[in-house]
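**Q** Below: sequence and its predicted model.
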Amino acid sequence: MLAINSLKTESERSEQKGFANIVRGTFGMFRNTLAHAPKVTWEVSKRDAEDILSLVSMIHRRLDAATMPSRV
């Protein structure tokens, strides 16, 4: 498990859960779309593509700064 914050407060634990949901949702929505249909048939506008890339960039940035908390 990776932590995007110290997980010390309820707010930080909620942020962690929300981030995990964003990652799962992004993977499920975009990865599965491409896995189950040829890429040439998946229409995506330039605006949507930019938004997708922004979201994935934010996810990667947060994961790059994440730590592995000790398991007590």
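**A** Ah, there it is. Numbering: from 1, shown residues only.
**Q** wait, residue 55 sits on residue 25?
**A** No - counting by Cβ atoms under 8 Å, residue 55 stays clear of residue 25, with 9.7 Å between them. Every residue, glycine included, has its C-beta placed from N, CA and C.
**Q** Just give the closest residue to the spatially most central residue of the chain, not the sequence neighbours.
**A** For the chain, the residue nearest the mean C-alpha position is residue 23 (2.6 Å; Cα atoms, centre = their mean). Computed as Cβ to Cβ, 6 or more residues apart in numbering, the closest residue to residue 23 that is not its neighbour in sequence is residue 59, at 5.8 Å.
**Q** Pull the helix or strand harbouring the one you found out as CSV, backbone CA atoms only.
**A** Assessed by DSSP states H and E, residue 59 sits inside helix 46-64. Provided in CSV are the C-alpha atoms of helix 46-64 (Å, rounded to 0.1, in the frame of the first residue of the first chain):
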residue,chain,number,x,y,z
LYS,A,46,-9.1,16.7,-28.2
ARG,A,47,-10.6,18.3,-25.1
ASP,A,48,-11.4,14.9,-23.5
ALA,A,49,-7.9,13.6,-24.4
GLU,A,50,-6.3,16.7,-22.7
ASP,A,51,-8.5,16.1,-19.6
ILE,A,52,-7.6,12.4,-19.5
LEU,A,53,-3.9,13.3,-19.8
SER,A,54,-4.2,15.9,-17.0
LEU,A,55,-5.9,13.4,-14.7
VAL,A,56,-3.3,10.7,-15.4
SER,A,57,-0.5,13.3,-14.9
MET,A,58,-1.9,14.3,-11.5
ILE,A,59,-2.2,10.6,-10.5
HIS,A,60,1.4,9.9,-11.5
ARG,A,61,2.6,13.0,-9.6
ARG,A,62,0.9,12.0,-6.4
LEU,A,63,2.2,8.4,-6.8
ASP,A,64,5.7,9.6,-7.3
